[in-house]
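Q: mind folding the following:
(one chain, ligands or ions: 1)
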Amino acid sequence: MDHETPKTMGQQHGRRSWAEPWKIKMVEPIKMISREERAEAMKAAGYNTFLLKSEDVYIDLLTDSGTSAMSDRQWAGMLLGDEAYAGSRNFYNLENAIQTYYGYRYIIPTHQGRGAEHLISKVAIQPGQYVPGNMYFTTTRLHQELAGGIFVDVIIDEAHDPAHLHPFKGNVDLNKVQMLIDKHGAQQIAYISLAGTVNMAGGQPVSMENVRALRALCDRYGIRIYLDATRMAENAFFIQEREPGYANKSVAEILKEFCSYTDGAWMSAKKDSLVNIGGWLALNHLDVFEAASNLVVVYEGLHTYGGMAGRDMEALALGIEESVQDDHMRSRIGQVRYLGELLTEWGIPIVQPVGGHAIFLDAKSFYPHLPQDVFPAQTLAAELYMDSGVRSMERGIVSAGRDPETGKHRYPALELTRLTIPRRVYTQSHMDVVAESVKAAYDARDKTRGLKMVYEPKYLRFFQARFEPL
Ligand code: F0G
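A: Numbering: from 1, shown residues only. Okay, the predicted model is just below:
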């Protein structure tokens with residue numbers, strides 16, 4: 001299979017370029033407000049890009065969550081919503097799509113990913129148990145902690161080094177899991193919290209070999225593995241591209257094989273699955289399913305809608321099928337890589353290799369003169385917005401939050417600013433504008449000072465914290 005991006009194929013080898021496997025039927029106008037207005041808007045938003053008004057943003061790379069463009073088929077599906085309170089036809093279509101493409105037995109719909117995280121954490125964690133995971137995710141870890149669990153990072157060390165070129169930087173370090181079992185006993189491990197790809201590590205994949213070995217280890221101790229499948233279809237693409245023996249398997253086949261090594265999964269369908277809202281929990285064991293299915297009616301809605309409208313479930317069922325098409329995934333990741341290659345060519349420090357859903361600027365290298373206490377990645381996100389109206393987000397010390405035991409800041413090794421690419425939304429010219437804006441911020445790096453936090457909410461502070469320039 002050929003994995004070159006549009007740029008390298010067209011220009012460097014004198015070959016024919018490829019383009020997105022879709023054409024545009026409807027457009028949404030965007031505009032750039034003036035530099036003065038952007039400075040004013042950033043100040044009013046407390047230097048937190050989450051607090052900007054969308055209308056003040058030119059190119060929105062805050063997140064790939066719920067921001068993708070649906071296809072004409074999905075929009076047509078929206079008109080087929082069966083809005084019955086119970087037993088909606090669309091639920092059965094969704095259930096069938098998840099069983100077909102992910103292979104799990106029992107399905108519970110939820111309003112989005114964290115709804116499913118809440119349920120699985122409550123059902124599968126006893127207070128005081130450990131939850132080993134391949135790097136934390138913000139909402140995932142919080143729900144595990146709120147359920148009384150103690151999260152332990154068991155990702156390979158290479159994942160914490162932004163420049164390391166390991167092809168599967170999302171892999172679990174099995175020795176770290178073994179040590180945890182030896183120290184506390186298998187009954188003190190709630191489950192393995194496995195994510196593919198790993199968002200906070202830079203969208204880095206897990207190999208099939210790694211999940212197979214993890215399965216074997218867990219089988220020896222009767223430990224279950226639950227998968228954060230949010231960007232697992234993207235992970236499957238990387239396996240196809242990089243892992244021996246998978247080049248001739250489809251993304252869909254790889255996805256299903258990977259899931260078969262796990263006992264269940266939770267999903268933020270707002271990412272891979274090309275919808276604006278939705279999520280699910282899927283389980284292979286009846287006892288866990290029954291417990292979670294009982295809780296869904298307390299927190300989300302009836303077990304045949306879980307917080308989604310019928311039409312949302314229909315769009316999701318169709319989106320799942322579209323998300324596992326090889327040509328879709330190739331153009332999606334190709335676009336992210338195009339932006340990454342431009343920045344790399346210009347010597348701008350980003351997490352390597354380029355991951356699935358975003359470019360992660362390495363703010364520590366970008367601003368070597370700024371200590372982590374003055375929030376380099378948050379600062380960079382603010383600078384980018386003020387330069388060009390491009391909205392990114394912080395994935396560093398602010399996102400990491402405070403240790404629940406000591407109340408002190410956690411100091412993650414990775415201090416990153418994420419340029420997250422929505423699926424099927426922006427063109428190559430938008431990527432060029434973004435790259436040039438990052439370059440402008442890079443050229444002005446010496447003049448940049450940090451921020452101080454002036455308002456800090458208790459949970460998931462990165463969403464709502466406010467800052468002032470130093
Ligand atoms: N797991 C991962 C890996 C995620 O990236 C997210 C959300 C969730 C779970 C929670 O899902 O938002 O539907 O409740 N990530 C978004 C992001 C917010 O911007 O990365 P949710």
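
Q: give me every residue that touches residue 150.
A: Contact partners of residue 150, counting by Cβ atoms under 8 Å, 6 or more residues apart in numbering, are 128-131. Heads up, the C-betas are built off the backbone N, CA and C, glycines and all.

Q: swap in residue 62?
A: 49-50, 391-393, 420.

Q: hey, where'd the strands end up in the stretch 1-150 of the chain?
A: For the stretch 1-150 of the chain, applying DSSP state E, counting those that start in this stretch gives strands covering 59-60, 106-110, 130-133, 150-153.

Q: tell me how far stretch 454-470 lies from the chain's centre.
A: Centroid displacement of stretch 454-470 relative to its chain, using Cα atoms, centre = their mean, to the nearest Å, is 22 Å.

Q: tabulate the contacts of residue 62 (CSV), appending pLDDT and distance to the ligand.
A: Formatted as CSV, these follow (pLDDT from 0 to 100; distance: Cβ to the nearest ligand atom, whole Å):
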residue, pLDDT, distance to the ligand
49, 98, 11
50, 98, 10
391, 98, 12
392, 98, 11
393, 98, 7
420, 98, 6
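
Q: most neighbours, which of those?
A: residue 392 (30 neighbours; other Cβ atoms under 10 Å).

Q: so how far is residue 434 from that one?
A: Counting by Cβ to Cβ, to the nearest Å, the separation of residue 392 from residue 434 is 9 Å.

Q: now do residue 51
A: 21 Å.

Q: before we move on, what about residue 62?
A: 13 Å.

Q: same check, this time on residue 339
A: 6 Å.

Q: next: residue 454.
A: 29 Å.

Q: tally of neighbours for residue 28?
A: Neighbour tally, residue 28, other Cβ under 10 Å: 6.

Q: what's the answer for residue 163, then?
A: Using other Cβ under 10 Å: residue 163 sits among 11 other residues.

Q: chain neighbours aside, what residue packs nearest to it?
A: residue 352 (5.8 Å; Cβ to Cβ, 6 or more residues apart in numbering).

Q: now residue 404
A: Distances taken as Cβ to Cβ, 6+ apart place residue 145 nearest to residue 404, at 5.9 Å, with adjacent residues excluded.

Q: need the residues of the protein near the ligand, please.
A: Residues of the chain that fall close to the ligand, judged by Cβ under 6 Å from any ligand atom: 63, 65, 112-114, 137, 139-140, 195, 199, 228, 230, 268, 270, 279.

Q: for ChimeraX, write the selection for the buried entries among these.
A: Selection of buried members from the residues of the chain next to the ligand for ChimeraX, criterion 16 or more other Cβ atoms under 10 Å:
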select :63,65,112,113,114,137,139,140,195,199,228,230,268,270,279
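
Q: isn't residue 346 up against residue 432?
A: No. Using Cβ atoms under 8 Å, residue 346 makes no contact with residue 432, being 11.9 Å away.

Q: looking at the contacts of residue 62, which is nearest residue 69?
A: Nearest to residue 69 among the contacts of residue 62: residue 420, at 14.6 Å, using Cβ to Cβ.

Q: how about the nearest residue to that closest one, chain neighbours excluded?
A: residue 358 (4.1 Å).

Q: what strand or helix carries residue 319?
A: Taking DSSP states H and E as the criterion, residue 319 maps to helix 310-323.

Q: spit out the residues that contact residue 339 and residue 434 alike.
A: In contact with both residue 339 and residue 434: residue 419, using Cβ under 8 Å, 6+ apart.

Q: hmm, back to that, how many other residues sit next to the residue nearest to residue 404?
A: 18.

Q: distance of it relative to residue 225?
A: To residue 225, residue 145 is 20 Å away according to Cβ to Cβ.

Q: still on that earlier bit, turn the contacts of residue 62 into JSON lines, columns for distance to residue 250.
A: As requested, the contacts of residue 62 are exported to JSON lines (distance: Cβ to Cβ, whole Å):
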{"residue": "49", "distance to residue 250": "37"}
{"residue": "50", "distance to residue 250": "37"}
{"residue": "391", "distance to residue 250": "34"}
{"residue": "392", "distance to residue 250": "33"}
{"residue": "393", "distance to residue 250": "32"}
{"residue": "420", "distance to residue 250": "26"}
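
Q: from the residues you listed, pick the one nearest residue 461.
A: Once Cβ to Cβ is applied, the member of the contacts of residue 62 that ends up nearest residue 461 is residue 50, at 10.5 Å.

Q: can you pull the contacts of the closest one?
A: 62, 393, 462-464.

Q: hmm, who's touching stretch 358-372?
A: Residues contacting stretch 358-372 (Cβ under 8 Å, 6+ apart): 61, 64, 162-163, 202-203, 336, 339-340, 343, 348-351, 376-377, 379-380, 392, 395-397, 411, 414-421, 438, 441-442, 445-446, 448-450.

Q: which among the residues you listed count as buried?
A: Counted by 16+ other Cβ under 10 Å, those give 61, 64, 162, 202-203, 336, 339-340, 343, 348-351, 376-377, 379-380, 392, 395-397, 414-421, 438, 441-442, 445, 448, 450 as buried.

Q: narrow the residues you listed to those in strands?
A: 395, 416-420 (DSSP state E).

Q: looking at the residues you listed, which one is closest to the ligand?
A: residue 420 (6.3 Å; Cβ to the nearest ligand atom).

Q: which residues of this structure score low on pLDDT?
A: 1-13 (pLDDT under 70).

Q: just give me the residue right at the centre of it.
A: Nearest to the mean C-alpha position of the chain, counting by Cα atoms, centre = their mean, stands residue 199 at 4.4 Å.

Q: might one say that it is in contact with residue 140?
A: No. With contact defined as Cβ under 8 Å, residue 199 does not count as touching residue 140 (9.3 Å).

Q: residues contacting the residue nearest to residue 163?
A: Residue 352 touches 162-165, 344, counting by Cβ under 8 Å, 6+ apart.

Q: burial measure for residue 69, as a count.
A: Residues near residue 69, counting by other Cβ under 10 Å: 18.

Q: what about the spatially closest residue to it that is not a sequence neighbour, which SS state?
A: Leaving aside its sequence neighbours, residue 69 sits nearest to residue 424 (Cβ to Cβ, 6+ apart; 4.2 Å). At residue 424 the chain is in coil, as set by DSSP: H, G, I helix; E, B strand; the rest coil.

Q: residue 424 and the ligand, how far apart?
A: Residue 424 sits 17 Å away from the ligand, taking Cβ to the nearest ligand atom, to the nearest Å as the criterion.
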